Every structure is written in C-alpha cells, then in structure tokens.
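Visitor: coords please:
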Amino acid sequence: MEDNLNALTVLGFEGAFNLPVWVGQRQRLFEKYGLEVGLEYVKGSVDMINRMTSGSAQVALTSVDNVLAYRAGQGETADGSAPDLVAFMGGDHGFLSLMTKPEVASVSQLRGKCLSVDALTTGFAFVLREILVANHVALTDVTFDAAGGTGNRYRALVAGKHDGTLVRAPFERLAERHGFNVLVRGSALFPDYLGTVGAVMQSWASTNQDQLIGFILAYREALNWIFDASNHEAAVEILRTGFAELTDDEARAVLDDLMDPNDGLIHDMSIPDAGLDQVSRIRDAHAPVSTYESRRDCVDLRYLELAQSSTRWAR
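Guide: Numbers count the residues shown, from 1 in each chain. Predicted coordinates:
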C-alpha cells in the first residue's frame with residue numbers, strides 16, 4: 001500500500017452505477033495505485049463542466065453526450081465549450097427509465113405536462129425528446145424544466161413539482177414504491193445506448209498519466225469484485241448503505257441490473273462504437289449543429305489501452 005497518496009477528485013451523479021467507486025474506496029483498491037479518491041456529486045452537468053475546466057476536479061463520470069456537446073461548443077455553460085474534454089473509458093449503458101406521476105399512465109398523456117431534465121440540450125435531455133417523438137408527442141406539447149442531476153429530479157418528481165422525468169437506477173424502483181409509473185425503459189428503445197463514461201481534461205491527463213492509469217486499473221479491480229458471485233451479498237450491503245430506502249430484495253434486483261451483460265456496467269470498460277454512434281444520432285436529430293463527424297474526437301483510449309496492457313489488468 002502506498003504511503004503518499006495523490007488526491008483525485010471524481011465528479012458524478014447520484015445513482016447505483018457509482019458502485020465501482022464505492023467498492024474501490026471500501027476495498028482500498030485506489031490506494032493500491034497511490035490514489036486517494038473522493039467522489040463528489042454535482043448539482044448538474046453545468047456544475048460538472050465548470051469544475052472540470054477550472055481544475056478543481058480531475059475525473060468526471062458523466063454521460064458521453066455531455067462530452068460530445070461540450071467538445072462541439074453546444075453546452076450550457078457561459079461559453080458552452082470544453083474542447084479539452086475527452087472520454088477515456090466506458091462506464092455503463094444508461095439505466096434510463098421514464099417515470100411519471102401515478103395519474104399519467106402512457107406517454108401520450110404527457111401532452112400539456114411539465115418534464116424535468118438535467119440541462120435542456122445536454123446529457124439525457126435528447127433521449128427524452130426521442131421517446132416523445134417515438135410516441136407521436138410533439139415537443140411543443142410539453143414543457144421542459146432544467147432541474148439538475150438524477151437525484152434532484154427524482155426528489156422534485158416525488159414532491160409533485162414535475163409530471164415526469166428520466167431517472168437512473170435505483171431511482172425508478174424507489175419511485176415505483178411511491179406509486180409512480182415506469183412508462184419506458186431506455187434499453188427497450190435504444191439497445192446500444194452508451195450512458196456513463198469516464199471523462200478527463202486532456203491537458204491534465206497528459207501530465208498525470210500514471211494517476212489516470214492507476215484509476216482505471218483500480219476501477220477494473222472493483223468491477224471484477226462486483227462480478228464475482230462470492231461478493232454479491234457484500235455488494236448488496238454497499239448498495240443499501242448508498243440508498244437506505246432500498247430493501248434487500250430491491251438492492252439485489254439493482255445489482256442484477258448492474259451486472260446485466262447487455263445493459264449494465266461495461267466490464268471491459270470499452271467505449272463501443274455502436275453506443276457512441278447511437279448517442280450521436282440522437283443528439284444530431286435534435287441539436288442545431290451535427291456532432292456526428294467529430295464524435296471520434298471526443299474519445300481518447302490511449303490510457304485504457306495502456307492499462308489493459310498492464311499485468312494488473314487481469315486481476
């Protein structure tokens with residue numbers, strides 16, 4: 001174990017998909033690679049980008065759509081741009097569910113309703129628009145409200161401030177307990193969708209390569225731990241610590257979601273071309289300027305490839 005640890009601030013959003021970070025912290029995996037990792041939740045994607053560009057954080061676990069948007073100058077910060085931001089590893093496939101108030105039983109009943117998103121033109125906002133279009137609901141028939149990250153939107157929904165929103169695991173299970181409806185699961189409409197990625201500023205990564213590779217290797221060890229059946233009860237306990245409202249059975253169901261081979265955590269941490277393409281196509285269907293041709297520029301896999309070539313990768 002390293003004595004002198006490098007502090008690494010990781011920004012993220014509330015959700016069960018943070019399990020690899022929690023495992024890495026509990027099992028002291030990051031410390032093996034000389035890192036002291038702190039996970040901090042942001043208010044929303046704008047807050048995240050501002051903190052990344054200011055240098056107050058080093059790594060973000062965020063939607064790849066945010067990387068596409070800010071690389072292309074289509075974000076919602078003061079200048080809307082973070083051209084130095086790149087995705088360096090894959091995290092998950094989104095775990096997205098459209099939740100609505102109990103009285104809203106179908107997508108068509110969302111006409112005239114207020115839907116919340118993180119930010120209006122980044123993150124998963126365009127997925128919500130795509131769901132509406134697929135169900136023949138005009139975007140002009142609903143009102144969108146920028147309400148911040150998943151946890152904020154869930155709490156606002158339960159408090160009656162909005163009629164519907166996209167949430168991520170495990171908030172759909174918590175909302176169902178309150179009588180709210182799951183109208184659409186994102187995996188059903190967008191089977192290749194790429195959700196969370198690890199993102200970093202290239203300028204920081206180029207001068208801190210060893211730290212970034214160490215983070216990747218520790219995250220990989222955490223994933224191996226999660227996918228090891230002998231650790232499942234311990235993983236359930238960690239999930240319940242993160243979300244005290246979850247019952248044991250609900251936490252086990254969430255863990256099953258996380259380990260789903262098609263829709264769960266990305267065990268090899270790759271960034272699938274099909275997933276990136278699907279996010280790009282959805283963004284280009286709704287954004288004023290196409291990012292499709294530049295989508296490959298938002299990915300830098302050199303650090304993941306160096307980690308994969310390490311003898312520690314297979315552990």
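Visitor: contacts, neighbours, all on C-alpha from now
Guide: OK.
Visitor: domain-wise, how is the protein divided?
Guide: What automatic domain parsing lists as the domains of the chain is 6-93+194-259+289-308, 96-189.
Visitor: how far does the first one stretch from one end to the other?
Guide: Start to finish, the residues bounding domain 6-93+194-259+289-308 are 22 Å apart (Cα to Cα, to the nearest Å).
Visitor: same question, the last one
Guide: Using Cα to Cα, the span of domain 96-189 from its first residue to its last is 10 Å.
Visitor: distance to D277 added to the domains of the chain, as CSV?
Guide: Shown next, in CSV, are the domains of the chain (distance: least, Cα to Cα, whole Å):
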stretch, distance to D277
domain 6-93+194-259+289-308, 8
domain 96-189, 14
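Visitor: and of the ones you listed, who's closest to L276?
Guide: Nearest to L276 among the domains of the chain is domain 6-93+194-259+289-308; the distance by Cα to Cα comes to 6.1 Å.
Visitor: avg pLDDT for the closest one?
Guide: Averaging pLDDT along domain 6-93+194-259+289-308 yields 94.
Visitor: helices of this protein, start to end?
Guide: Taking DSSP state H as the test, the helices found in the chain are 19-26, 29-32, 45-54, 64-71, 125-134, 150-158, 171-177, 186-189, 202-207, 209-227, 232-242, 248-258, 273-286, 302-308.
Visitor: reformat the domains of the chain as CSV; add distance to R281 and mean neighbour count.
Guide: Formatted as CSV, the domains of the chain follow (distance: least, Cα to Cα, whole Å; neighbours: other Cα atoms under 10 Å):
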stretch, distance to R281, mean neighbour count
domain 6-93+194-259+289-308, 7, 20
domain 96-189, 10, 19
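Visitor: which residue packs closest to Y193, ignoring adjacent ones?
Guide: G275 (4.7 Å; Cα to Cα, 6 or more residues apart in numbering).
Visitor: how deep is the one you found tucked in, by neighbour count?
Guide: Around G275 there are 19 other residues, counting by other Cα atoms under 10 Å.
Visitor: my guess is N135 contacts S106. True?
Guide: No. Assessed by Cα atoms under 8 Å, N135 is found out of contact with S106, at 9.4 Å.
Visitor: from N208, how far off is the spatially most central residue of the chain?
Guide: Central residue of the chain (Cα atoms, centre = their mean): T196, 3.3 Å from the mean position. To N208, T196 is 22 Å away according to Cα to Cα.
Visitor: before we move on, what about A234?
Guide: For A234 relative to N208 (Cα to Cα), the value is 33 Å.
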